[in-house]
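Participant: okay, predicted coordinates and the sequence, questions at the end:
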Amino acid sequence: MKSNQKLCLITNDVETTSILNHKLSDKTGEYVLKQGMPRLLELYAKYNVKATFFFTGYIATLYPEVVKMIQPYGHEIGSHGLTHRADQAFDVLPLEKQIDHLRQSKAILEDISGEEILSFRAPAARVNYNISRALEEAGYKIDSSVSSQRLDMLFSFGSFKKLNWIIAPRKPYFTAKDNVFKKGNSSILEIPISAFGFPYIGTFMRIFPSLNRLTRNVLYFETKINNRPFVFLTHPNEFIDEELGNRVMDRRGDNLFSYYLREILRHRLKVKNLGKKAIPIFEQEIDFFARKQFNFITCKQLYELIIKGN
């Protein structure tokens, strides 16, 4: 990889999570297919963005067209695991179950697309020390589940293991076989999601647009110094105009404090600027990178650049 290349990876987690109604919903998958994905694909085509889309096996099986529709644009298809159910998160699954989920997801996506799947991001970015080994066993080459120096993990699930983000390397690195949060000699390339205290992701962008721009500018200053690629995370379900259902929220934990902090308060924040009104906010971010002459590449393309550089 050339030392003077300016690289931006726009990554998209594709799932059936209803942000508005705070639950998994097949109907949300239909909104993603008919609204979220077309809106993003149109925006990316406008700026010639090549992006990576991480699909759960569940939404791919439910709506195979949601996978196929990105192929004419040259975007990368990646795995987002088999399901986004909280009780099946990768930080709670044993190693053999992780391998099984990864293999099943890979097979589903490869059968639909006819393409080899090499990249993975865990649902809710929840992983444990076993993930590098599991990914190797299942035939992957790339992970993008770590968010180095991101500090808002107490507002998310799997927060205890996410404390490892504090010490994770900031630039892409090959992981240790027994610890995805450290450099080592595994075959798995970790591509960290950009953060500098605050996360550089679609949710934060929608809730705090001004603070997000400040975070991006700080990250840009860092990139000019050490050539770290930008990795932005968003979701097509952030760009859908969904109908509000009943107000009974799925509860994913027994702890009352955790329930209020990670579900009630977090949900109230996450519904800000949902749907079509999120598009111009996102376009400002993409336009920044276009004006600064960044190259928009996929996770697989970055992997190939790093391998060639070695």
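Facilitator: Sure thing, it's come through.
Participant: the closest residue to residue 226 other than its chain neighbours: how many residues sit nearby?
Facilitator: Among residues not flanking residue 226 along the chain, residue 171 sits closest, at 6.8 Å (C-beta to C-beta, 6 or more residues apart in numbering). Heads up, the C-betas are built off the backbone N, CA and C, glycines and all. Using other C-beta atoms under 10 Å, residue 171 has 15 other residues around it.
Participant: what of residue 308?
Facilitator: 8.
Participant: now for the protein, the helix or strand with the poorest mean pLDDT.
Facilitator: helix 256-259 (a mean of 50; mean pLDDT, DSSP states H and E).
Participant: who touches residue 199 in this structure?
Facilitator: 147, 150, 152, 193, 233 (C-beta atoms under 8 Å, 6 or more residues apart in numbering).
Participant: for the second one, give me its contacts.
Facilitator: Which is residue 150. Contacts of residue 150 by C-beta under 8 Å, 6+ apart are 162, 165, 193, 195, 197-199.
Participant: so what's the closest residue to it other than its chain neighbours bridging to?
Facilitator: Closest residue to residue 150 apart from its sequence neighbours, by C-beta to C-beta, 6+ apart: residue 195 at 3.6 Å. Here residue 195 sits in beta bridges with residue 199, as judged by DSSP bridges.
Participant: from residue 147, how far out is residue 195?
Facilitator: According to C-beta to C-beta, to the nearest Å, residue 195 stands 5 Å off from residue 147.
Participant: mutual contacts of those two, please.
Facilitator: residue 165.
Participant: rewinding a little: and the residue nearest to residue 150, how many neighbours?
Facilitator: Neighbours of residue 195 using other C-beta under 10 Å come to 24.
Participant: can you check residue 12 too?
Facilitator: Residue 12, neighbours per other C-beta under 10 Å, totals 27.
Participant: now residue 221
Facilitator: Counted with other C-beta under 10 Å, residue 221 comes out at 10.
Participant: packing partners for the host helix or strand of it?
Facilitator: Per DSSP states H and E, residue 221 falls inside helix 209-226. If contacts are counted by 3 or more C-beta pairs under 8 Å, 6 or more residues apart in numbering; DSSP states H and E, helix 209-226 sits against strand 195-196, strand 198-199, helix 202-207, strand 230-234, helix 278-291.
Participant: what does the average pLDDT come to for the longest strand along the chain?
Facilitator: Using DSSP state E, we find that the single longest strand of the chain is strand 7-14. The pLDDT scores in strand 7-14 average 98.
Participant: name every strand pairing with whichever helix or strand comes after it and say which way it goes.
Facilitator: Downstream of strand 7-14, the next assigned helix or strand under DSSP H and E is strand 17-18. For strand 17-18, the paired strands and their directions (DSSP bridges) are strand 23-24 (antiparallel).
Participant: ok now the partner strand, how far from the chain's centre?
Facilitator: 18 Å (C-alpha atoms, centre = their mean, to the nearest Å).
Participant: what's the answer for stretch 232-241, then?
Facilitator: So, by C-alpha atoms, centre = their mean, the centroid of stretch 232-241 is 10 Å from its chain's centroid.
Participant: same deal with stretch 273-285?
Facilitator: Stretch 273-285 sits 17 Å away from the centroid of its parent chain (C-alpha atoms, centre = their mean).
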